[in-house]
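Novice: Here you go, sequence then predicted model.
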Amino acid sequence: MKKLLSFLGAITITASASATVVACGKPAGQKQNEIATDGLSQVMQDYSKLLFLNQNEINGVHVSSSSYLKVNLMNQKLSSLGMDKLAINEGLDSNATYNDVANKYFDVNNLTSGVTVSDNIYQGGVESLENQMDSTIATLLGQLTNITNPSGLLSLLTSFDMEQMLAPGGLLESFKDVLSKDNLQLLENAFSTDVYVGMTMQQTMDSSVIGLANALDQLMGEGKLNLEYSKEKLEANYKTAISSIGENVGGLLSGEKSISFDIATNIPALAEIIRFVRTILINLNQFGDLTTETIKTKKEIKEIRSKTFDSSDNKLNLKNLVSSLKFLVNDDNGYYVIKNVLASLFVSVEDTGVLGGVSPFEEYNEGNDGYADLLASILEKVAGMETVDTGMDEPFMEIDLSTVYIKAFIRAFINIGAYGADDSIGAGFVLSALAYEDTLEEGIIKDLVSKINGGLYEGAYTVGAEVSEEYQSFIVDWVSYLWTNDNKELNFNLKSLLDQPLSGLMNLFGGTTNKFDNITSSGFDFLTSKSLKEIVNDLDAQMVELTDEQATVDFGELANIIGEIKNKIDDALANPKDFWKILGYEGKDKYTPGSAFDLLDKFLKKAGWLESVGKVIDSYLSVYAGKIRKLNTDAKTLFNSLNVTKESSNNDKFVYSVTDGKITNKFEITLTGETGNKVIKSIALL
């Protein structure tokens, strides 16, 4: 089985790490900072301090030099910075700012856009000293804390002057295209029951897969794919959709493709992604308790997937979902939730193997089985092969072992995750074979198997060969093994990941690109700084007292709200002065019966779940804002305490020693360009 699992070798997750080198020691001739007599020298002196902030951690992070410059220097009056003499020397008045000095010499907007830096300059992610969340969005999120009394939020919305905002040059001028009837119809479909009328639950999933293919093609491809996903078109378009998704995801993982999102043009893609997620949730909701040890049988799963979709299925009790997640993140048996999710969405229900379960040694053509076919097809595409020649020419119990079918093996592996190894003896053979040296190509899979197995066995696998007890545990029930294993070589288990910040989990799928002053802060840092365990427990604490009505999201009601907006949007856009009135707003707490505002008001008044989410978000935003303030305060304290010595300056090349009394960095900064347009050409840590 020399080539076995080379297909998984293509599915690699890489993480890049960056290292920094700090020059330490006490510089000769160190003296206290002085205000420079000319603007160029002052900016260079200050910039050397900013490089120190970039190079050395503050509160466990590195601070962006450009962010510090913008937040704490550029808009400050020279007088407030103690630079009155500098202002006089530069011929500036008493109201002059640091920005005036900087712009006199530099192209500030492109100061480091083309800079090259030495390898020992820190080039990992740096933190901004500004809150990256849009202020309007933050204000709207703040309204969620009292959403069951929605008058505040609705009054806030209607305070926007739409006539001015939709006018040429207005903030929302391009929003007219976003709010087209076609786009609103797609958003309505994302939540509506109408799109799934007459379909089985399995067909709703197939339809959502076709929609996902359209979305990814728009975000990553040429946007030419526009497959219909009605009941009548499912069979004709499903395979094309699967193939397209595989190509796009494969291209994304290989770096050949990237996702590009523009709200003005990608509403159709956003709508289909929402519909895909909604469909996952309503299908998962069919399976009830996800914390039970007793996994539903294949017969039960088949019956659920075969039942006809009903409008009553278009709801989700978030309290129940959060309760299941609470069990996942807190209980030692939390892996039951993973098994139930695998069974609900991915288990293949037909047995094709002589020994039971899905045989990896023959093609599986028994149905799409939830999203199993989607996942298997993606991995097959990423692998770039459909089969693997095992080199095992001798049959075993009349089973031809010579070829492993990738999609069938993945299905069998999923089934083992849900039900254990007894579900697929054939897949157990394949997994056992991985422990042998001749089976695997170099790569992540070989390394993973070796760590679990305690090394690899020499030679090729033969039927009946034994593997280590540790690896046998993995083969018998890989979900249970990965949940809490204490294998020091593997140094990984799923349960421990739940305690890690979400930002750390995302880094598992790729590290920060090495780039100087690479700001990695985002408007979602308030959330990604928390672990899944923290988030779930906080949500549960807020939702525990909710009634079923308060905890239930009725997707159909959201569809009706969007539908009413769709019916009135052309009139509202044509008459922006009466924009809100046309949509049903008649004044504080007064709405036209049956209008979008009337339906929205009724929806929000019982949306206790949304208020619970809002309270959690509000508390996170408050903590995050405090964290930024403290980081900025500490950065300013350090900046002001740093001592700088100019070692030399010659032909736009400056060398500065910067110290905080413990660490000393010597930076060489080279400029290029004419006065007024100078930029930094290179930076080196000497």
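Specialist: Received, thanks.
Novice: Please count neighbours and contacts with C-alpha atoms only from this point.
Specialist: Will do.
Novice: which helix is the longest one in this protein?
Specialist: Scanning the chain for the helix with the most residues, using DSSP state H, yields helix 608-641.
Novice: Report all helices and strands that that one contacts.
Specialist: helix 39-55, helix 135-142, helix 525-528, helix 532-543, helix 548-551 (3 or more CA pairs under 8 Å, 6 or more residues apart in numbering; DSSP states H and E).
Novice: mind listing what's buried in the first one?
Specialist: By neighbour count, and taking 16 or more other CA atoms under 10 Å as the criterion, the buried residues in helix 39-55 are 39-40, 42-55.
Novice: now, which of these sits nearest residue 217?
Specialist: Minimum distance to residue 217 across those is 39.1 Å, recorded for residue 54 (CA to CA).
Novice: Next one: the closest one relative to residue 66, how far apart?
Specialist: Plainly put, residue 54 is 10 Å away from residue 66 if you go by CA to CA, to the nearest Å.
Novice: Now do the shared contacts for these two.
Specialist: Common contacts of residue 54 and residue 66 (CA atoms under 8 Å, 6 or more residues apart in numbering): residue 517.
Novice: ok, which stretches of the stretch 301-450 of the chain are strands?
Specialist: Listed from the start of the chain, the stretch 301-450 of the chain has strands (DSSP state E, counting those that start in this stretch) covering 315-317, 387-389, 403-405.
Novice: among the ones you listed, where is the model least confident on average?
Specialist: Among the strands of the stretch 301-450 of the chain, strand 387-389 carries the lowest mean pLDDT, at a mean of 88.
Novice: List the strands paired with that strand, with their directions.
Specialist: Counting by DSSP bridges, the strands paired with strand 387-389 are strand 403-405 (antiparallel).
Novice: which parts of the partner strand are buried?
Specialist: Neighbour counts using 16+ other CA under 10 Å place 403-405 of strand 403-405 among the buried residues.
Novice: show me where the stretch 551-686 of the chain has helices.
Specialist: If you assign secondary structure with DSSP state H, counting those that start in this stretch, the helices in the stretch 551-686 of the chain sit at 555-574, 579-582, 596-605, 608-641.
Novice: Check the stretch 351-500 of the chain too.
Specialist: Assigned helices in the stretch 351-500 of the chain, in chain order: 372-383, 406-419, 425-433, 444-453, 469-476, 478-484, 494-497 (criterion: DSSP H, counting those that start in this stretch).
Novice: Save those as TSV, and put in mean neighbour count, mean pLDDT and distance to residue 251 too.
Specialist: Formatted as TSV, the entries for the helices of the stretch 351-500 of the chain read as follows, by neighbours: other CA atoms under 10 Å; pLDDT from 0 to 100; distance: least, CA to CA, whole Å:
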stretch	mean neighbour count	mean pLDDT	distance to residue 251
helix 372-383	22	91	8
helix 406-419	26	94	19
helix 425-433	23	87	28
helix 444-453	20	87	19
helix 469-476	19	92	31
helix 478-484	20	95	28
helix 494-497	17	93	27
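Novice: Export the ones you listed to TSV and append columns for distance to residue 626.
Specialist: Shown next, in TSV, are the helices of the stretch 351-500 of the chain (distance: least, CA to CA, whole Å):
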stretch	distance to residue 626
helix 372-383	42
helix 406-419	43
helix 425-433	50
helix 444-453	41
helix 469-476	44
helix 478-484	35
helix 494-497	26
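Novice: Dump stretch 321-334 to CSV, restricted to CA.
Specialist: Output of stretch 321-334 as CSV, limited to C-alpha atoms (Å, rounded to 0.1, in the frame of the first residue of the first chain):
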residue,chain,number,x,y,z
LEU,A,321,-28.6,23.8,21.0
VAL,A,322,-26.5,25.8,23.5
SER,A,323,-27.4,23.2,26.1
SER,A,324,-25.9,20.5,23.9
LEU,A,325,-22.8,22.6,23.3
LYS,A,326,-22.5,23.1,27.1
PHE,A,327,-22.4,19.4,27.5
LEU,A,328,-19.7,19.2,24.8
VAL,A,329,-17.4,21.8,26.4
ASN,A,330,-17.8,20.8,30.0
ASP,A,331,-18.5,17.1,30.3
ASP,A,332,-15.9,14.3,30.1
ASN,A,333,-18.3,12.5,27.8
GLY,A,334,-18.7,15.6,25.6
